[in-house]
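Enquirer: build me a structure from this.
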Amino acid sequence: MYRQIGMNYIIALLLTIFFELLFAFLWGVPRRDWKLLIYVNVFTNPLANLAHRVFYSHGFLLHTLLPELWVILVEIWYYHKKENDIPYPTAFAICVNVFSFLIGVLVNEL
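Expert: Purely as a prediction, here's the structure:
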C-alpha cells in the first residue's frame, strides 16, 4: 500500500514538472530558469499532495483550495526572491498552477 502511495506521488510530481515545463516554454521562460521551476516543484508538489491526502474528507477548502493557494504563494515568493528572467513571475506562478491543477483534474478523471 505505501509503495503504491509513493509511486502515485512520484508520478504526480513528474507529470506536474512535465506540464509546467511545457507551460513555461509556451510562456517564454528561458531554458536556464527551468531548473528553478523543477526545484520549486520538488519542494511544493509532494507537500500539496500530502495535504490533499490528509485533508481529503475535510471539504474543498482544506482539501484543495488551501494547499493550492499555498503552492502559488510559495512559488510567487520564490520566483521574486531568486534572480531569474521569468516574464511576469506573479502571473506566471498563478497561471502555471491553475493550468497544472486543471491537467491534474483531467488526468484523475481518466
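
Enquirer: skipping adjacent residues, who's closest to Asn97 in space?
Expert: When the adjacent residues along the chain are set aside, Asn97 lies closest to Ile72, with 5.0 Å between them (Cβ to Cβ, 6 or more residues apart in numbering). (Glycine included, C-beta is placed from N, CA and C.)

Enquirer: next up, the contacts around that neighbour.
Expert: 93-94, 97 (Cβ atoms under 8 Å, 6 or more residues apart in numbering).

Enquirer: please tell me how far it sits from Met7.
Expert: Distance, Ile72 to Met7, by Cβ to Cβ, to the nearest Å: 26 Å.

Enquirer: what of Leu21?
Expert: When distance is defined by Cβ to Cβ, Leu21 is 21 Å away from Met7.

Enquirer: pick out whichever of those two has more residues nearby.
Expert: Each of Leu21 and Met7 had its neighbours counted (other Cβ atoms under 10 Å), and the higher figure belongs to Leu21 (17 against 10).

Enquirer: what about that one, which helix or strand?
Expert: Assignment of secondary structure by DSSP states H and E places Leu21 within helix 2-27.

Enquirer: centre of the chain to that helix, how far?
Expert: The gap between the average C-alpha position of helix 2-27 and the chain average comes to 8 Å, counting by Cα atoms, centre = their mean, to the nearest Å.

Enquirer: in that helix, what's buried?
Expert: Of all the residues in helix 2-27, those buried under the rule 16 or more other Cβ atoms under 10 Å are 12-13, 16-17, 19-21, 23-24, 27.

Enquirer: possible to save these as JSON lines with pLDDT?
Expert: Below are the buried residues of helix 2-27 laid out as JSON lines (pLDDT from 0 to 100):
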{"residue": "Ala12", "pLDDT": "87"}
{"residue": "Leu13", "pLDDT": "92"}
{"residue": "Thr16", "pLDDT": "93"}
{"residue": "Ile17", "pLDDT": "96"}
{"residue": "Phe19", "pLDDT": "96"}
{"residue": "Glu20", "pLDDT": "96"}
{"residue": "Leu21", "pLDDT": "97"}
{"residue": "Phe23", "pLDDT": "97"}
{"residue": "Ala24", "pLDDT": "97"}
{"residue": "Trp27", "pLDDT": "97"}
